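Visitor: When you get a sec, could you give me coordinates for this:
(one chain, ligands or ions: 1)
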Amino acid sequence: MRIDIITTLPKLLEGPFSDSILKRAQQKGLVTVAVHDLRAYSTNKHRSTDDYAFGGGAGMVMMVEPIDRCLTALRAERTYDEVIYMSPDGELLTQSIANELSLKQNLILLCGHYKGVDERVRQHLITREISIGDYVLSGGELAAAVVADAVIRLLPGVLNDETSALTDSFQDGLVAPPVYTRPAEYKGWSVPEVLLSGNPARIEEWKQEQAVERTRKRRPNLLND
Ligand code: SAH
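Guide: A predicted model of the protein is given here:
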């Protein structure tokens, strides 16, 4: 899989992909994450990519032309399954959207800044809009990193234990059960006895019960859907 991220702030995206699981996924050749500086596609000598809003009002707007040029250059290289604009009013990111995107070959994530992008970008150049929640960030970079992380960890071979993504919250419509590690007792705080029982069937049953119980308490909406 390949994920191309278009941004005016490429430095913001250096961190998330340079360590741990996301770094290893790239080293193993399971995914390529490429960050593109939109300024390289600017048409003016100041390399600016934004301008004042027509009709006035506070805040700059990202111009259509550099974005179009950047997308054209990328599309000349390969076919993209989706060109996604990160936007607070987009479709809310869920595990099922992450699952769906993890089955694609090539994705573009477009990060907005300031007031966002010229509406014509949204009308003509993108295929989908995704939000990571009902709050406003200063830019789309962190949101794009969230989408990329959620997608990449699902790719086969990325997590060491191939089944482990399947036992995470939301995959089966439930949140995850609690987990414990050594020591079995700390400051008098003990681990549920069943986990030390060595009885796989009982342990599995307990995990399932805990997951249902937690979902009822924390995310009852998942049980109704
Ligand atoms: N004026 C816009 C907000 C712009 S925020 C509005 O009111 O809708 C600047 C950029 O940050 C956006 O273009 C988008 O790319 C990104 N962004 C902000 N909040 C986001 C969220 N919740 N999910 C995804 N992207 C977000």
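Visitor: Which residues are in contact with the residue nearest to residue 141 when sequence neighbours are not counted?
Guide: Spatially, and ignoring its direct neighbours in sequence, residue 141 is nearest to residue 12 (4.1 Å; Cβ to Cβ, 6 or more residues apart in numbering). Every C-beta, even on glycine, is put in place using the N, C-alpha and C of the backbone. By Cβ atoms under 8 Å, 6 or more residues apart in numbering, the contact list for residue 12 reads 139, 141, 142.
Visitor: ok, those residues vs the ligand, which is closest?
Guide: Lowest distance from the ligand to the contacts of residue 12 (Cβ to the nearest ligand atom) belongs to residue 139, with 4.7 Å.
Visitor: Skipping adjacent residues, who's closest to that closest one in space?
Guide: The shortest distance from residue 139 to any non-neighbouring residue, by Cβ to Cβ, 6+ apart, is to residue 113 (4.5 Å).
Visitor: contacting residues for that neighbour?
Guide: Contacts for residue 113 (Cβ under 8 Å, 6+ apart) come out as 8, 9, 50, 62, 138, 139, 140.
Visitor: Name the member of those residues with the most neighbours.
Guide: Within those, residue 140 tops the neighbour count with 30 neighbours, counted by other Cβ atoms under 10 Å.
Visitor: I figured it was touching residue 88, is that so?
Guide: No: assessed by Cβ atoms under 8 Å, residue 140 is found out of contact with residue 88, at 9.4 Å.
Visitor: tell me, what's touching those two both at once?
Guide: By Cβ under 8 Å, 6+ apart, no residue touches both residue 140 and residue 88.
Visitor: can you list contacts of the worst-scoring helix or strand of the chain on mean pLDDT?
Guide: Ranked by mean pLDDT, DSSP states H and E, the weakest helix or strand in the chain is helix 220-224, scoring a mean of 92. Under the contact criterion Cβ under 8 Å, 6+ apart, helix 220-224 has outside partners 170, 173, 174, 175, 215, 216.
Visitor: and which of the residues you listed is nearest the ligand?
Guide: The closest of the contacts of helix 220-224 to the ligand turns out to be residue 170 (Cβ to the nearest ligand atom; 18.3 Å).
Visitor: Count residues in the vicinity of the closest one, would you?
Guide: Neighbour number of residue 170 under other Cβ under 10 Å is 16.
Visitor: What distance separates the opening and closing residues of stretch 95-113?
Guide: This stretch, stretch 95-113, spans 25 Å end to end (Cα to Cα, to the nearest Å).
Visitor: Next one: that stretch, is it in contact with the ligand?
Guide: Yes: counting by Cβ under 6 Å from any ligand atom, the ligand has neighbours in stretch 95-113: 111, 112, 113.
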